[in-house]
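Asker: 3D, please:
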Amino acid sequence: MTPSNRNTLLELVQIGDVGILFCCLGVSYAATSHSHTLSVLSSLETHRPIQVFLETLILAFGWHATLRINRFYRSRRLDGYLKETLDVCSASAVCAFFSFIWLWLICSPYKHPVADLALISLFFGVLTFSAFMSTRLIGRAIVHSIRARGHNLRHILIVGTNRRADGFARDIALHPEWGYRLQGFVDDQWWNKQTADSNSGELLGGFDDMPMLLRTLPVDEVIVALPLASFYHQTAKIVSLCRNHGIAVRSIGTFFDQGTSRRTAFLRGSIGTITLHDESWNARASLVKRLADIAISSILLIALAPIFAAVAILIKLTSPGPVFFKQTRMGYGKRPFKILKFRTMVQEAEKLIAQVEHLNETQGPTFKLTNDPRITKFGKWLRKTSLDEIPQLLNVFIGHMSLVGPRPLPLRDYEGFSKDWHRRRFSVKPGITCLWQIMGRSSIGFDEWMALDMRYIDQWSVWLDIKILFQTIPAVFRGSGAV
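Answerer: Residues are numbered from 1 along each chain as shown. Prediction:
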């Protein structure tokens, strides 16, 4: 996903922050002037409403710019409390100054002397600082608690086994609340005895094993701890390979070999990481998308409960076997999960696939058959109407899937992938519906299907998700490409 598209969803959060500032300003005015908040309107120079409107608009943009400059919309995954507190304090002070200028411009000097405006602005600054710190501290506490329990983790590979790699691995192990899990090291051999003896992680293979490791392991980030000048070609190959998979690459290595350098706190110290490649989802964008998934899936599960029950009863009445079909699918970051659907085939249909596999009507690793003899009569109607997909709302609610995203594939199909760029579809959560779903489904070839998934990832925006959701409804009624 490109940075410009990531910002589309972030705008919702940014608008909310500006709304908080206006609320704080209203409360500050009411609290310090002992008047109703709306009484400020009587203090305006009513003969120049256009000028007042423009000044208010400039105030909002000034606030927004201040929040952006103070890193309000960047990931705080590795920042300490002190750094965030200083940023919030700085932002609150500047926003209070802008508010004082705005009040001085729009208010009548006879009703509001400069001293009163300064008091309002001072109270506003304190209130704003309290509001932003409260929301961020609560958010941090919740996220740290979730990560410490093994959720919301980012799996990493460290390339290199020198002292810098060992220091980075130790920092990760000491701070589980940062949400990183080390999969292991990649290097031709152990270059530092301390790293080998630390038990931080095992040596998974050499540089030539990187393609295989990225295809088989869930990896969200690759950390390069090599001297960039000495290992330029290896690093370039790693970046190119990770780009195909949609995996972020960061470096903690120096440009030259400094084997005698003392250990530094890489994540919080002066060295830090250098991003070499990153097209991953923005943390705030993922959070807002997740909240939307929870809210919409909850409403739909309640609204569709009667249909859910009716379909379950009809499945039991029309064919022997369980109501639900469970299958392991490849999810976000190549993490397997169990998908839930209404059963549309005969019992133990997966064991019979060898008997019909030669009839496959699609190219590539996927399997599709229009008149699959394993499908029950009622199951064929369920597939035609896409009602068999309803239980996946539970997968969305749990967090394995999203409402919109590339369709999750069985492990059998994933193992048949021949091109690494196809695997970039696993850099986002799978979804119930997607571009492939609304543009023909089974009538679309495998390569075009993968290209549509890449198009979704590259062109993603909140409006694209909304468009796909609304276009899914007529696509279901048409039954286009359903098998």
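
Asker: And the strands in the stretch 251-400 of the chain?
Answerer: Here the stretch 251-400 of the chain has its strands, by DSSP state E, counting those that start in this stretch, at 274-277, 324-330, 336-342.

Asker: so which of these gets nearest residue 294?
Answerer: strand 336-342 (16.7 Å; CB to CB). In short, each C-beta sits where N, CA and C put it, glycine included.

Asker: and residue 374, how far is that from residue 313?
Answerer: Using CB to CB, to the nearest Å, one gets 22 Å for the distance from residue 374 to residue 313.

Asker: nope, residue 201 is what I meant
Answerer: Following CB to CB, the distance that separates residue 201 from residue 313 is 51 Å.

Asker: and if you look at residue 459?
Answerer: From residue 459 to residue 313 the distance is 42 Å (CB to CB).

Asker: Just want to know which of those two has more residues nearby.
Answerer: residue 459 (13 against 10; other CB atoms under 10 Å).

Asker: Can you tell me how far residue 106 is from residue 55?
Answerer: 6 Å.

Asker: Looking at those two, which is more packed in?
Answerer: When residue 106 and residue 55 are compared for neighbours, residue 106 comes out ahead with 20 against 14, by other CB under 10 Å.

Asker: State the three-state secondary structure for residue 223.
Answerer: strand (DSSP: H, G, I helix; E, B strand; the rest coil).

Asker: Against residue 146, how distant is it?
Answerer: With CB to CB as the criterion, residue 223 and residue 146 are 22 Å apart.

Asker: Which stretch among the strands of the stretch 251-400 of the chain is buried most, on average?
Answerer: Stretch with highest mean neighbour count among the strands of the stretch 251-400 of the chain: strand 336-342 (a mean of 18; mean count of other CB atoms under 10 Å).

Asker: Show me what it is packed against.
Answerer: helix 305-318, strand 324-330, helix 392-398 (3 or more CB pairs under 8 Å, 6 or more residues apart in numbering; DSSP states H and E).

Asker: next helix or strand past the last one?
Answerer: Yep, that's helix 392-398 we're talking about. strand 402-404 (DSSP states H and E).

Asker: which residues sit against that next one?
Answerer: 289-290, 292-293, 296-297, 396, 428-434, 465, 468-469 (CB atoms under 8 Å, 6 or more residues apart in numbering).

Asker: which of these are buried?
Answerer: 289, 292-293, 297, 396, 428-434, 465, 468-469 (16 or more other CB atoms under 10 Å).

Asker: Quick check: the residue minimising distance to the centre of the chain vs residue 198, distance?
Answerer: The chain has residue 286 as the residue nearest its centroid, 3.0 Å off, counting by CA atoms, centre = their mean. In this view, residue 286 and residue 198 are 32 Å apart by CB to CB.

Asker: what's the answer for residue 240, then?
Answerer: Taking CB to CB, one finds residue 240 at 30 Å from residue 198.

Asker: So for these two, which sits in the more crowded spot?
Answerer: Neighbours were counted for residue 240 and for residue 198 using other CB under 10 Å; residue 198 has more, 15 against 12.

Asker: can you map out the helices along the stretch 1-150 of the chain?
Answerer: 3-33, 49-69, 81-106, 114-148 (DSSP state H, counting those that start in this stretch).

Asker: thinking residue 339 is in contact with residue 324, fair?
Answerer: No: assessed by CB atoms under 8 Å, residue 339 is found out of contact with residue 324, at 10.0 Å.

Asker: And for residue 160, nearest residue in space, chain neighbours not counted?
Answerer: residue 225 (3.5 Å; CB to CB, 6 or more residues apart in numbering).

Asker: Phi first, then psi, for the one you found.
Answerer: Note on residue 225: its backbone torsions stand at phi -110, psi 20 [degrees, to the nearest 10].

Asker: count of residues packed around it?
Answerer: Using other CB under 10 Å: residue 225 sits among 27 other residues.

Asker: That one and residue 233, how far apart?
Answerer: Distance from residue 225 to residue 233, by CB to CB: 16 Å.

Asker: what's around the nearest residue to residue 444 once chain neighbours are set aside, how many residues?
Answerer: Spatial nearest neighbour of residue 444, chain neighbours left out: residue 436 (6.0 Å); criterion: CB to CB, 6+ apart. Residue 436: 20 surrounding residues under other CB under 10 Å.

Asker: Helix or strand: which one has residue 436?
Answerer: Judged by DSSP H and E, residue 436 forms part of helix 435-438.

Asker: Repeat that for residue 235.
Answerer: helix 232-245.

Asker: Now do the same for that helix: mean pLDDT, whole number.
Answerer: Averaged across helix 232-245, the pLDDT comes to 89.

Asker: tell me which residues of that helix are tucked away?
Answerer: 234, 235, 238, 239, 241, 242, 243, 245.

Asker: and that helix, what other elements does it pack with?
Answerer: helix 210-216, strand 221-224, strand 248-251, strand 274-277.

Asker: where's that helix relative to the chain centroid, distance-wise?
Answerer: 23 Å (CA atoms, centre = their mean, to the nearest Å).

Asker: do stretch 185-202 as well
Answerer: 31 Å.

Asker: Could you check how far the residue nearest to residue 55 when sequence neighbours are not counted is from residue 31?
Answerer: Ranked by CB to CB, 6+ apart and with sequence neighbours excluded, the top spatial neighbour of residue 55 is residue 105, at 5.4 Å. Distance, residue 105 to residue 31, by CB to CB: 21 Å.

Asker: same deal with residue 375?
Answerer: Residue 375 is 67 Å from residue 31, by CB to CB.

Asker: Between these two, which is the more surrounded one?
Answerer: The residue with more neighbours, out of residue 375 and residue 31, is residue 375; 19 against 15, by other CB under 10 Å.

Asker: Does that one touch residue 381 like I think?
Answerer: No: assessed by CB under 8 Å, residue 375 is found out of contact with residue 381, at 9.9 Å.

Asker: give me the number of residues near residue 197?
Answerer: With other CB under 10 Å as criterion, residue 197 counts 10.

Asker: what's it in contact with, if anything?
Answerer: So residue 197 contacts nothing (CB under 8 Å, 6+ apart).

Asker: that older thread, including mean pLDDT, could the strands of the stretch 251-400 of the chain go into TSV?
Answerer: Putting the strands of the stretch 251-400 of the chain into TSV (pLDDT from 0 to 100) gives the following:
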stretch	mean pLDDT
strand 274-277	67
strand 324-330	92
strand 336-342	93
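
Asker: now those in a markdown table, with distance to residue 137?
Answerer: Below are those laid out as a markdown table (distance: least, CB to CB, whole Å):
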| stretch | distance to residue 137 |
| --- | --- |
| strand 274-277 | 27 |
| strand 324-330 | 37 |
| strand 336-342 | 32 |
